[in-house]
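S.K.: Okay, predicted coordinates and the sequence, questions at the end:
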Amino acid sequence: MFVSRRIFQSGLARAFSTTASNNGAKVAVLGAAGGIGQPLSLLLKNNPLVSKLNLYDVANCPGVAADLSHINSACEVTGFSPENDGLKQALEGVEHVLIPAGVPRKPGMTRDDLFDINAGIVQTLATACAEFCPDANIMIISNPVNSMLPIAAEVYRNKGVFNPKRLAGVTTLDLVRASRFAYEKTGKLKFVPVVGGHAGTTIVPLYSQIPELQIGAEELASLVHRTQFGGDEVVQAKAGKGSATLSMAFAGARFADSMIRATNGEDVVECAFINSDVFAADGVDYFASSVKLGPKGVEEILPLPSNITALEVEAINIAKPQLISAANKGIEFVKKNQK
Ligand SMILES: NC(=O)C1=CN([C@@H]2O[C@H](COP(=O)(O)OP(=O)(O)OC[C@H]3O[C@@H](n4cnc5c(N)ncnc54)[C@H](O)[C@@H]3O)[C@@H](O)[C@H]2O)C=CC1
Ligand SMILES: O=C([O-])CC(=O)C(=O)O
């Protein structure tokens, strides 16, 4: 009895103790009623730095919003549907937008197999963001991320509001996996940078940055493979019922929290898939690497660590042509489907 009251009181204290909750971050989630959208929205509702949470989905959003709105944290939750200009209303005045809208994989599919459906969804949502919250930080979760971020960038360019600091493809799940898989070997939870992109062999975990990880070449190769194909592991285990949702919600909530803390003036480093000049000389315009986040979004692209291994360099070289072709596919799509 005493214990449960204490827990209840500490929950309330956490929810109402922060003044930041009154003038905290205004966040929208597009695709909020989906497998990722629901737990992601739950985690955001429980983040004391978020004061307003606008949830938008083409289906079932009022129910999700009503459910979350009963949680006793200070954050105000509102649900929006396509009717009555719901997308516009969800976006006006927000500073951060997370986009997990779109179909997930089934066993036997690649992320690129989702392109035909998700490209149109992301184009529509990016168009609305460019119109109604052009200065917000946009975090794209929908797959294939390697093409979806270039689609959003192209939409913003066409609208004349492109700012590469404000658009990011969310690759945090790759970092979360790499960190967890390394922990299984070392017993230490570390930040493992993951560069390249977010599909198969475009995912390049830099395990060289974890000195505690003392393993042989074969074990390292299998660790890298597991990180690159972690998504497939979940898709197969779910056997037709979708892809990673809970770990993705965790990762998306972490990336959003990092972005919000950076907006509030903290120095935060994450990895993200962005419009980047790191390998522009090789024709790669979109590349994930470590970035410093700040009040203006992705404020600085950090150089690759100087001590990465020859195997990691080779893996990056394998990723490059795939990244070019995924980005071109997105850009071509927008050219053909101008709105
Ligand atoms: N970046 C990453 O690391 C990861 C990305 N994903 C991707 O995230 C996406 C979503 O996955 P799940 O949540 O599992 O799928 P889901 O099917 O459970 O949910 C998707 C939601 O999007 C909504 N939606 C569809 N069209 C929409 C539109 N035009 N506007 C607003 N909402 C719309 C649907 O109604 C649904 O509620 C997939 O493309 C998946 O591949 C999944 C895991 C990791
Ligand atoms: O594998 C998928 O389709 C979903 C995803 O991006 C991931 O889990 O990394």
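M.R.: Looks like it came in fine. Numbers count the residues shown, from 1 in each chain. Ligands and ions are numbered 1, 2, ... in the order given.
S.K.: contacts and neighbour counts: CA atoms only from here.
M.R.: Fine.
S.K.: which of the residues in whichever strand or helix holds residue 126 are buried?
M.R.: Assigned by DSSP states H and E, residue 126 falls within helix 115-132. By 16 or more other Cα atoms under 10 Å, the buried positions in helix 115-132 come out as 115, 118-123, 125-132.
S.K.: what does stretch 158-165 give?
M.R.: 158, 162-165.
S.K.: Same check on stretch 215-229?
M.R.: 220, 223-229.
S.K.: I'd like to know which of these is nearest to residue 154.
M.R.: Within those, the smallest distance to residue 154 is 27.1 Å, found for residue 228 (Cα to Cα).
S.K.: ok, the closest one - contacts?
M.R.: Residue 228 is in contact with 174, 199-205, counting by Cα atoms under 8 Å, 6 or more residues apart in numbering.
S.K.: Reformat those residues as CSV; add secondary structure and neighbour count.
M.R.: Shown next, in CSV, are these (DSSP: H, G, I helix; E, B strand; the rest coil; neighbours: other Cα atoms under 10 Å):
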residue, secondary structure, neighbour count
174, helix, 28
199, coil, 25
200, helix, 18
201, helix, 19
202, helix, 24
203, strand, 24
204, strand, 29
205, strand, 25
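S.K.: just to revisit the earlier point, make JSON lines out of the buried residues of stretch 215-229 and add distance to residue 285.
M.R.: Converted to JSON lines, these look like this (distance: Cα to Cα, whole Å):
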{"residue": "220", "distance to residue 285": "29"}
{"residue": "223", "distance to residue 285": "28"}
{"residue": "224", "distance to residue 285": "24"}
{"residue": "225", "distance to residue 285": "25"}
{"residue": "226", "distance to residue 285": "26"}
{"residue": "227", "distance to residue 285": "24"}
{"residue": "228", "distance to residue 285": "21"}
{"residue": "229", "distance to residue 285": "24"}
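S.K.: how close does residue 81 get to residue 295?
M.R.: 30 Å (Cα to Cα, to the nearest Å).
S.K.: what does residue 31 give?
M.R.: 25 Å.
S.K.: the more surrounded of these two?
M.R.: The neighbour comparison of residue 31 against residue 295 (other Cα atoms under 10 Å) goes to residue 31, with 25 against 16.
S.K.: I'd guessed that one sits against residue 58; true?
M.R.: Yes. Assessed by Cα atoms under 8 Å, residue 31 is found in contact with residue 58 at 7.4 Å.
S.K.: okay, and the common contacts of the two?
M.R.: Both residue 31 and residue 58 lack any common contact, where contact means Cα under 8 Å, 6+ apart.
S.K.: Find me the pLDDT at residue 290, would you?
M.R.: Looking at residue 290, its pLDDT reads 98.
S.K.: and it, which of the three is it?
M.R.: strand (DSSP: H, G, I helix; E, B strand; the rest coil).
S.K.: Phi and psi next, for the closest residue to it other than its chain neighbours.
M.R.: In this structure, residue 290 finds its nearest non-sequential neighbour in residue 271, 4.1 Å apart by Cα to Cα, 6 or more residues apart in numbering. Here is the backbone geometry of residue 271 (degrees, to the nearest 10): phi -110, psi 150.
S.K.: re the thing from before, I'd like the buried residues of stretch 158-165 as a markdown table, with pLDDT appended.
M.R.: Shown next, in a markdown table, are the buried residues of stretch 158-165 (pLDDT from 0 to 100):
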| residue | pLDDT |
| --- | --- |
| 158 | 98 |
| 162 | 98 |
| 163 | 98 |
| 164 | 98 |
| 165 | 98 |
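S.K.: Sort out for me which of the residues you listed are in strands.
M.R.: Among the buried residues of stretch 158-165, no member is found in strands (DSSP state E).
S.K.: who touches the spatially most central residue of the chain in this structure?
M.R.: The residue lying closest to the centre of the chain (Cα atoms, centre = their mean) is residue 170, at 2.6 Å. Listed by Cα under 8 Å, 6+ apart, the contact partners of residue 170 are 139-141, 145, 252, 255, 272-273.
S.K.: Just the buried residues from the residues you listed, in ChimeraX please.
M.R.: To isolate the buried members of the contacts of residue 170 in ChimeraX, using 16+ other Cα under 10 Å:
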select :139,140,141,145,252,255,272,273
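S.K.: Cross the contacts of residue 170 against helices and list the overlap.
M.R.: Residues from the contacts of residue 170 lying in helices, with DSSP state H as the criterion: 145, 252, 255.
S.K.: Quick check, the second one in contact with residue 40.
M.R.: The one in question is residue 252. Yes. If you go by Cα under 8 Å, residue 252 and residue 40 touch, sitting 6.8 Å apart.
S.K.: CSV please, covering the buried residues of stretch 158-165 and showing distance to residue 336.
M.R.: Formatted as CSV, those follow (distance: Cα to Cα, whole Å):
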residue, distance to residue 336
158, 13
162, 19
163, 22
164, 22
165, 26
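S.K.: Report the inter-axis angle for the top helix by length along the chain versus helix 115-132.
M.R.: Criterion DSSP H: the longest helix present in the chain is helix 310-336. Calculated by axes from the mean of the first three to the mean of the last three Cα atoms, to 10 degrees, helix 310-336 forms an angle of 70 degrees with helix 115-132.
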